[in-house]
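# Fold the following for me, if possible:
(chains A and B)
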Amino acid sequence: MKIRKLFSVSTAVVVTVSLLAGCGGGASGSDSGTTAAAVKEESTTVEVSQTDSGDSASEGDELSGTIEYWSSWGETESQAKVLQEAADAFMKLHPDVKINFTFNGRDNRYLVQSALETGTQIDVMDANIDNIQSLWTDHLLDLSDYMDKAYDTTDGKPYKECVMPSMLELTKSLFDGKIKCIPYIPQSVLIFCNKGIFEEVGITEYPKTWDQFKDACAKIKAAGYIPLTSDEQRKFTWVGYYLDRLVGDERVREIAADSSQWDDPNILVAAKAIEELVSLGYFDPNVASNLNQAAEQDFVINGNIAMFLNGTWLPNETSESTPEGFKWGAFAYPEVENGINGAEAGAYSTYAIAVNKDVSEEVADAAVAFAVYLTTSEYDQMFSDVAKSIPMSLDATWPDSLLEAREVINNYTERFTSQTGLSTSTNSSTIIGDACLKLYGGEITAEQFVEQASDF
Amino acid sequence: MKQTKRSIIVFLGPAVLLYVLVFFYPVLRTSMMSLFEMNNISSPVREWGFVGFDNYAKLLNTQLFRISMINIGKIWLFTGIATLGLAMLLALILTQGLKFQKFFRASVYLPNVIAAVAVGYMWLLFVFSKSKFGLLTSLFNFLGWEKMAQFQWLSGENLFLSMCIAYVFSNTGYFMMMYIAAMENISQDYYDSALIEGANIFQRFLYITLPLIKGVLGMSTVLWTTRTIGFFALAQVFSNTSTFTPMLYTYRTLFATEAGSESVNPGIAAASAVVMTLTAVIVSQSLKHLIRTENYEI
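Below is the predicted model:
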């Protein structure tokens, strides 16, 4: 009897732990939709077919090898489609090269890590550059030497002279002066605006200081529009950017990681500044209940909201619902009183392509040649045209919706974390983010914000 | 066939082997991981560093984890009462031989086969949303119930309630079918006899149905516990401190978010999984003792 009981209890333990933890990548059971099951569904291997091989191959082509490429885009995303088309064209030019894609979506960052450590063959992988640095560093090939070479699509110039220098600098800064990945699809978080509203209320110049910003909000509000919005996905940005301007991103990261740092009076200063905007009625009344990307859709569909502190992915994510004639504008977060930085500093990042250090030289050459081709050929422009993302090549034309963002981004010399320093700690980000949304919604005061956000 | 040691090994072998590989090994590894620190979940054991119970100490000192444990307790209790109660009520109604009974049963069960993520987004974008697509806002506006039309279903303080409604919606059908199966197993003779004796519907339920499905009731509460402790998808979709659950905490600590990839800590994630397991086992065993089943001949 005792043995039976012991067996029954141990079975219960085993089954439950397996449900909860065996998991690693997520659990079983009906609630684990976004974990293992979803990953499996989302992860689709696509073998790009090789057509008319040899027809257009350049004679004496030295590139060859099979490249297993794991990507952070979902198969149906426009970025993935451009990648596939580029690979198709590249293989036509180099018939001895074969590229097999596996599109894992954003979970790629940890799927690659686990797969590499268990010996899965992955030659090329892409992700957000911060994720590459924090999760894959040990597996990366140093690509610095490739930057000085000229390629078919660089007009005889070294590659490094053909793409955005700020992104290569970013790579160097993250990898001890080395280029360990090739950036593509750069991104930045800045203030996007409905330029039509700005023109209608007579704002001809974007605000540069906090006072000018408040004046602009007042004009917009007086004309019957909602000056500002946010949502659950971008909840850190209004407070986070203010703090980043005030004390710098590094300090904000410390604050986000350690609740004992929240007696810093600068946090209350930032919260008070935002509280003032709230008290003047500048935020969307529904802001506290804007889950996921709800505000993004409202921003373009309703046409009554003037500003949204969001990423350069915004025009692409809303492209299906943006009405014709919607005028996109963008400008840098204004300077704040006693702040240590201004428009030269901003939140930006990039996706990047990395090569596994264990690949043969032959595959490495082919992989880098493909990354170069992707970022300097017409496919770089296609990222701009189709996926409305920022092109890497200096010669490419930016999408109309990001033309003003380009001016802001080109001005950057200092970097904030992608969603500002406040978002960087798993233990605190949910708590701080909720407090931010409550602050924007007028549910709590600045003092309560500090109290609630520091309770982690 | 004569039962020999060899035949026992042959027949039990594959099942035991699978059990050890698929269940026992992950459990053992996770429990071990909770006592070590490592870079990521697939780091080889030689790279693990022993930290003893430090991971547990850190975990229990983490406010977000403590909040998530309180949340899961509330979800288990409140949505448990609502789901199992509603399932019982619907099972009772749908075993009375109503017209279109099968259709209603299928309709109530349907949400259970839809992925939890899809259910979550459906409620979020089409039911609770305050935009022009929000069903509840439109409905209350149509009815002229201004106060309810203005209700912020998705604001921080109401988000927990909204998520619970969605969870009850997607789980009721599963338990209803379980209760229906148990009720239909009860002989009609008992009811006929009680009817002749003059018992009303409540008495019939209380003195016949309830005692005879007690075993299934007990099983459903244990199942409810194991389902709920793994609460994840809706917590991810509704994403707020008030809806944060231990499973989501484990996931985020194991893989982090795109913005917080430096916060990965598999040791603490494993400790969190072990704590949840122990909680589930203790609660399940307590429930089993609480709802003892007597054997009836039906």
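# Let me see the contact set for the residue in the stretch 251-400 of chain A that chain B sits nearest to.
Closest to chain B within the stretch 251-400 of chain A is residue A:289: 3.6 Å, counting by CB to the nearest CB. Using the backbone N, CA and C atoms, a C-beta is placed for each residue, glycine as well. Listed by CB atoms under 8 Å, 6 or more residues apart in numbering or on different chains, the contact partners of residue A:289 are A:441, B:130, B:152-155.
# Please repeat the previous calculation with a cut-off of 7 Å.
When contacts are counted by CB atoms under 7 Å, 6 or more residues apart in numbering or on different chains, residue A:289 touches B:130, B:152-155.
# Helix, strand, or coil at residue A:183?
strand (DSSP: H, G, I helix; E, B strand; the rest coil).
# Okay, buried residues for the host helix or strand of residue A:70 please.
Element membership of residue A:70 [criterion: DSSP states H and E] is strand A:65-71. In terms of neighbour count (16 or more other CB atoms under 10 Å in any protein chain shown), strand A:65-71 has its buried residues at A:65, A:67-71.
# Same list (the residues you listed) but as TSV, adding pLDDT and distance to chain B.
Output for those, formatted as TSV (pLDDT from 0 to 100; distance: CB to the nearest CB, whole Å):
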residue	pLDDT	distance to chain B
A:65	92	26
A:67	95	23
A:68	96	18
A:69	97	20
A:70	97	15
A:71	96	15
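# one step back: what packs against the strand holding residue A:70?
strand A:97-103, helix A:108-117, strand A:124-128, helix A:361-376 (3 or more CB pairs under 7 Å, 6 or more residues apart in numbering or on different chains; DSSP states H and E).
# helices and strands around the shortest one, which ones?
The one in question is strand A:124-128. strand A:65-71, helix A:108-117, strand A:345-355.
# Next, name the residue at the spatial heart of chain A.
residue A:187 (5.8 Å; CA atoms, centre = their mean).
# just the helices in the stretch 51-200 of chain B please.
Listed in chain order, the helices of the stretch 51-200 of chain B (DSSP state H, counting those that start in this stretch) span B:54-60, B:63-74, B:80-93, B:101-113, B:116-122, B:135-143, B:146-149, B:156-184, B:188-197.
# I'd like those helices as CSV, with distance to residue A:335 appended.
Shown next, in CSV, are the helices of the stretch 51-200 of chain B (distance: least, CB to CB, whole Å):
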stretch, distance to residue A:335
helix B:54-60, 39
helix B:63-74, 34
helix B:80-93, 52
helix B:101-113, 51
helix B:116-122, 39
helix B:135-143, 39
helix B:146-149, 41
helix B:156-184, 31
helix B:188-197, 79
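# Not counting its neighbours along the chain, what's nearest residue 203?
Answering for chain A, as no chain was given. Counting by CB to CB, 6 or more residues apart in numbering or on different chains, residue A:216 is the residue found nearest to residue A:203 once chain neighbours are left out, at 5.3 Å.
# Correction: the question concerned chain B.
residue B:194 (7.1 Å).
# which SS class is the residue nearest to the centre of chain A?
Per three-state DSSP, residue A:187 ends up strand.
# give the contact list for it.
A:311-313, A:348-350.
# ranges for the strands of the stretch 251-400 of chain A?
Under the criterion DSSP state E, counting those that start in this stretch, the stretch 251-400 of chain A contains strands at A:305-311, A:328-331, A:345-355.
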